[in-house]
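J.: Sequence plus the predicted model coming up.
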Amino acid sequence: QVQLVESGGGLVQAGGSLRLSCAASGRTFSNNAMGWFRQAPGKQREFVAAITNDGTTDYADSVKGRFTISRDNTKNTVYLQMNSLKPEDTAVYYCAASLAYTLHHSSTWYNYWGQGTQVTVSS
């Protein structure tokens with residue numbers, strides 16, 4: 001059974017940083033794309049960042065220059081370093097794994113999802 005487990009969320013002041021982790025188990029995703037999405041209250045889930053097996057990355061315009069996605073294939077884990085956080089970054093953040101090899105913004109390309117971790121940024 002495939003599981004994605006996120007950790008690292010919490011409450012932080014505006015301008016602060018958090019690092020999210022997502023550990024996968026049940027199969028290896030070292031050859032597949034992985035991503036992060038978020039969903040704020042009353043809004044649709046939106047793409048945040050994605051990374052291919054060789055480290056190619058893509059970001060939503062709203063987080064470019066502030067967030068960095070990375071992965072450790074030996075640990076089957078993907079990370080999201082979030083700096084210069086803003087109140088509008090407040091959301092539940094979800095890790096996702098795709099059976100595809102290329103980067104995609106659409107959630108329909110992702111086959112496995114974590115339960116989410118809450119990130120709250122206070123002003």
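T.: Structure's in. What do you need? Numbers count the residues shown, from 1 in each chain.
J.: OK, contacts around the residue most central in space within the chain?
T.: The residue lying closest to the centre of the chain (C-alpha atoms, centre = their mean) is residue 36, at 2.3 Å. Shown in contact with residue 36 (C-beta atoms under 8 Å, 6 or more residues apart in numbering): 20, 22, 48-50, 69, 78, 80, 93-96. Where you see a C-beta, it was placed from the backbone N, CA and C, and this is true even at glycine.
J.: bridging residues for residue 21?
T.: residue 7, residue 79 (DSSP bridges).
J.: Might you report the residue contacts of it?
T.: For residue 21, the contact set (C-beta under 8 Å, 6+ apart) comprises 6-8, 77-79.
J.: same thing with residue 83?
T.: 17, 66-68.
J.: give me that answer again for 7 Å
T.: 17, 66 (C-beta atoms under 7 Å, 6 or more residues apart in numbering).
J.: pLDDT score assigned to the nearest residue to residue 67 once chain neighbours are set aside?
T.: Spatial nearest neighbour of residue 67, chain neighbours left out: residue 82 (5.1 Å); criterion: C-beta to C-beta, 6 or more residues apart in numbering. The per-residue pLDDT reported for residue 82 equals 98.
J.: now residue 102
T.: On the pLDDT scale, residue 102 is placed at 89.
J.: quick one on the thing from earlier: please check the contacts of residue 36 and keep the buried ones.
T.: Buried by 16 or more other C-beta atoms under 10 Å: 20, 22, 48-50, 69, 78, 80, 93-96, out of the contacts of residue 36.
J.: nearest to residue 12, of these?
T.: residue 20 (11.7 Å; C-beta to C-beta).
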